[in-house]
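In: Return atomic coordinates for the entry below.
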Amino acid sequence: MSTAMHMAKQDERGLSPLVIVFCALSSLACALYLELFHGTVHLHRTGLTAGLNYSQDPATLLRPLGIVAAISIVLFVAMLVLAARRSLLDTLHQYRLPIALIIVAACTFLRLSGSSIAMWSWPLGTEDFQGTLFGVPRIIRTDEWTVFTPFSISQATSGFKAISPILRGGGTDVTMVYAQPSWALATLFRPFLWGYLALGAEHGLAFFWTARLAALALVAYQLGLMVADGRRSLAAALAMLVCGAGAIQWWFAVNGTAELIIFGGGLVLALERLLHARTTPARWGWSALLAWLLPCYAFILYPAWQVPFVYVFAAMGIWVIVRWAGETPRDERGPQLKSCSMPLVICTLIAGGLAAFAMVSSWDAIRAVMESAYPGRRVETGGGLLPELVEGSTALMTSVNSDVFAPNVVEAAAFFGLMPAGIAFGVARGIRRHDVLSIALGLACAAMLAYGLVGFPEPLARVTALSNVTSSRLMLPLGFADVALLMRGIAQGDDRMPRRLPLAGRTCGAVAASLAFSIAVVFLGRAYNPLIMNRWGCLISGIAAMLLALSATLPGDALEHLRAPRGTLVLAASAIVLLGGACVNPVQQGTAALTQSDFYQAVSSISADDPEARWIGDDVYVSQACAAAGAPTITTIHTYPAHELWAALDPSGEQADTYNRYAHIEAIPTRGKTEFELVFLDDFELHLNPDDADKLGVRYWASYEDLASWDTDRTAFVPIAEAGPLTIYRLDAK
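Out: All right, here's what the predicted structure looks like:
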């Protein structure tokens, strides 16, 4: 009998009772989650309540509980089959890259993304949920469906020019600030925008979403293999906990949450491969990749997350170097470093030179941001993180009903793990085994926690570069470090742990500690947000927390006695977290909700006939839709101040403090003097006298209102098209 057949026979002999219990509890939690999420989707689509979340009478619970039981049984059987066929993980490991490429290609071909672009039905008055195949579009993700996605579609209409002739009415650099797909040197370091250039807006949007998710999963898995000393089940669990994290999924489309881990983790992996390269082509290849990844990471341009993640990945990089030095004979270290140095220096100089040239080319836009009133040059000193640490307790339930989070579910999103117990667990295990990675990561976390909880004097904050970081932004890197240290601690094992207590006592202690942790998660979550952490939210979060804690703390000899692989237990617990993340964003097909709307088509047609004329929209939604259709619109979101534009209305610069900012703009006609009014840090109103429109080159105004009543002695609003709730007016001189 072959070895493979023998292993298969072993796999089929039966499962441990503990594995069965874990699979049963995990399938129950997942089934409950799916039923609750179905109720959320049903409410959004029909306006009617249904399911467990809205059933108060015990009699009305029978049907949803029956559905939960049926789903739970199906999931339970599936989990048992997967747990019994351990060779499946080996197959997925072996073919992970081809599988990822096939999935990305298929999703790109089918135009599938996680965009909330279907929300355009609301401002444009079109069909609800157009193209949404699963889940619900998230209205709160305005940074994505209102800003980033219309910007990228507008780039397709302009031929992907580096200086957009559309945004802000023209002359807008799109290569750096809120970077968009463009034929520019900077795009060389933004690989996930390449799909737009090669495939156009719809397929490019699909590639942007799916390629980033696939790359994130692959990099997290590969990091997991390093962190967990090659244990594939723990590496898979790390990838599941990262990809399923609410902090990743709620921010997925903007601010580079995926790219932070893809590029930062990629640097660690490339460094490790470079140090172990034994051939000249391999050294040049890994040097080129490492050098390319550096500006890729730098061009994320969100220091509030980039800086703390540097601490995390620097700790991992130090460990890679120390481990390599320990594994390499002393007399081979010097020659190996010497052979790597020239390729690395040359590649870094080339990549750095290209990146510097790209930065210099866009320096005016970068300087405008730094000199703006908002966001400008912010200096933070930390402190106030303690309330944020509680957010992890509700992180699992964010996709079920985001509307009950106050003030903002996105800001409250976090990793769901053992935070901060995972950090303590991993560091404690690492100290016992003198593990460099655990200690280095622990020190990085200690520095971030000290800054976040206590705060630093301004000079120290500047020296550590944490002056760029608001305390709330520390939750993402801390959450990532927590799950990484958790997997590291599990991989370290407990074979060297003192065994002063008998096996039964240590097992009971692990169960008690895990139960206490799950109760703490439920209690804190209930206190933080009782609306989302109702009885079902508490049950699901409690199960997930307990299973995750148990899979980490149960004694190794107890698991050996029970024939329960620890990796299988961790995977069962992680499945709940992955499901929670999968429900955050919708599965969306195409961009028809915006690009096939009557308004978009009308604007596109008019702008094609009069391409030089500028437009105004009532609010950010109207303006962004105009820009997506290719119309030069002065009231699009200003990613950096447009002093030259507003100088036509404010030549003395008296009102510059109002418009010297990243800004959403609302246009309001007035019979008085044209002026600017600040509404919020990133929002101002333009009170525009129609007679001043020609100073801005404005010819068209799209509005929900009847603007004919705003005619003046010199200017007439002539309605030329109606599309849903909107009317397009041409401003004619009388």
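
In: a strand runs through A50, doesn't it?
Out: No - counting by DSSP: H, G, I helix; E, B strand; the rest coil, A50 falls outside a strand, being coil.

In: residue closest to the middle of this protein?
Out: Geometric centre of the chain, nearest residue: F252, 2.5 Å, by CA atoms, centre = their mean.

In: Hmm, R212 and that one touching each other?
Out: Yes - taking contacts as CB atoms under 8 Å, F252 lies within contact range of R212: 7.4 Å. All C-beta atoms are positioned from the backbone trio N, CA, C, and that covers glycine.

In: what helix or strand is the residue nearest to the centre of the chain on?
Out: Taking DSSP states H and E as the definition, F252 sits outside all helices and strands.

In: Could you report the separation of it from I139?
Out: According to CB to CB, to the nearest Å, F252 stands 16 Å off from I139.

In: And for Y700?
Out: Y700 sits 27 Å away from I139, going by CB to CB.

In: more crowded one of those two?
Out: Per other CB atoms under 10 Å, whichever of Y700 and I139 has more neighbours is Y700, with 25 against 14.

In: State the helix or strand in which the more buried one lies.
Out: Element membership for Y700, per DSSP H and E: strand 698-703.

In: how far does that strand sit from the chain's center?
Out: 35 Å (CA atoms, centre = their mean, to the nearest Å).

In: tell me what that strand is packed against?
Out: For strand 698-703, the elements it packs on are helix 598-609, strand 614-617, helix 620-628, strand 726-733, judged by 3 or more CB pairs under 8 Å, 6 or more residues apart in numbering; DSSP states H and E.

In: Run the chain-centre distance for the helix or strand following it.
Out: Going down the chain from strand 698-703, the next helix or strand is strand 715-723, by DSSP H and E. Centroid separation for strand 715-723 versus its chain: 41 Å, with CA atoms, centre = their mean.

In: quick one: low-confidence parts of the stretch 401-550 of the chain?
Out: Low-confidence segments of the stretch 401-550 of the chain, defined by pLDDT under 70, are located at 402-407, 494-500.

In: All the strands of it, in order from the start?
Out: Taking DSSP state E, counting those that start in this stretch as the test, none of the stretch 401-550 of the chain falls into strands.

In: Can you give me every residue that contacts A291?
Out: By CB atoms under 8 Å, 6 or more residues apart in numbering, the contact set of A291 is 344, 347-348, 350-352.

In: actually G417, sorry about that
Out: Contact analysis of G417 by CB under 8 Å, 6+ apart lists 241, 392, 479, 482-483, 486, 548, 577.

In: out of the residues you listed, which are buried?
Out: Buried members of those, counted by 16 or more other CB atoms under 10 Å: 241, 392, 479, 482-483, 486, 548, 577.

In: Output the longest helix belonging to this structure.
Out: Counting by DSSP state H, the longest helix found in the chain is helix 330-361.

In: what is the mean pLDDT for it?
Out: In this model, helix 330-361 has a mean pLDDT of 94.

In: May I see the buried residues of it?
Out: Those would be 336, 340, 343-344, 347-348, 351, 354-355, 358-359, 361, for helix 330-361 by 16+ other CB under 10 Å.

In: A214 reaches I102, doesn't it?
Out: No - applying CB under 8 Å as the test, A214 and I102 come out as separate, 9.8 Å apart.

In: Counting neighbours around each, name which of these two comes out higher.
Out: For A214 versus I102, the count of surrounding residues by other CB under 10 Å is larger for A214: 21 against 12.

In: residue contacts, the more buried one?
Out: Neighbour list for A214: 100-101, 103-104 [criterion: CB under 8 Å, 6+ apart].

In: And it, which helix or strand is it part of?
Out: Per DSSP H and E: helix 201-227 holds A214.

In: which other helices and strands contact the following helix or strand past that helix?
Out: Going down the chain from helix 201-227, the next helix or strand is helix 232-243, by DSSP H and E. For helix 232-243, the packing partners by 3+ CB pairs under 8 Å, 6+ apart come out as helix 87-94, helix 201-227, helix 475-492, helix 566-582.

In: Which of these has the lowest mean pLDDT?
Out: Lowest mean pLDDT of the helices and strands packed on helix 232-243: helix 87-94, a mean of 88.

In: hmm, back to that, and the contacts of A291, which is closest to T40?
Out: Using CB to CB, A351 comes nearest to T40 of the contacts of A291, at 45.2 Å.

In: Now do the contacts for the residue nearest to the centre of the chain.
Out: Neighbouring residues of F252 by CB under 8 Å, 6+ apart: 114, 209, 212-213, 258, 584-585.

In: And T398, by the same measure?
Out: For T398, the contact set (CB under 8 Å, 6+ apart) comprises 246, 250, 405, 409, 412-413, 532, 580, 584.

In: repeat that with 6 Å
Out: If you count contacts by CB atoms under 6 Å, 6 or more residues apart in numbering, T398 has them with 246, 409, 413.

In: Help me confirm that the first one comes into contact with E411.
Out: What that stands for is G246. No - G246 is beyond contact range of E411, at 11.0 Å (criterion: CB atoms under 6 Å).

In: In terms of neighbours, single out the busier of these two.
Out: Under the criterion of other CB under 10 Å, the comparison of G246 against E411 puts G246 first, with 28 against 16.

In: Next one: the more buried one relative to G479, how far apart?
Out: Counting by CB to CB, the gap from G246 to G479 is 9 Å.

In: Tell me how many other residues crowd A69.
Out: Residues contacting A69 under the criterion other CB under 10 Å number 12.

In: before we move on, what about the one 4 residues further on?
Out: Here the number of neighbours of I73 (other CB under 10 Å) works out to 14.

In: All good on my end, thank you.
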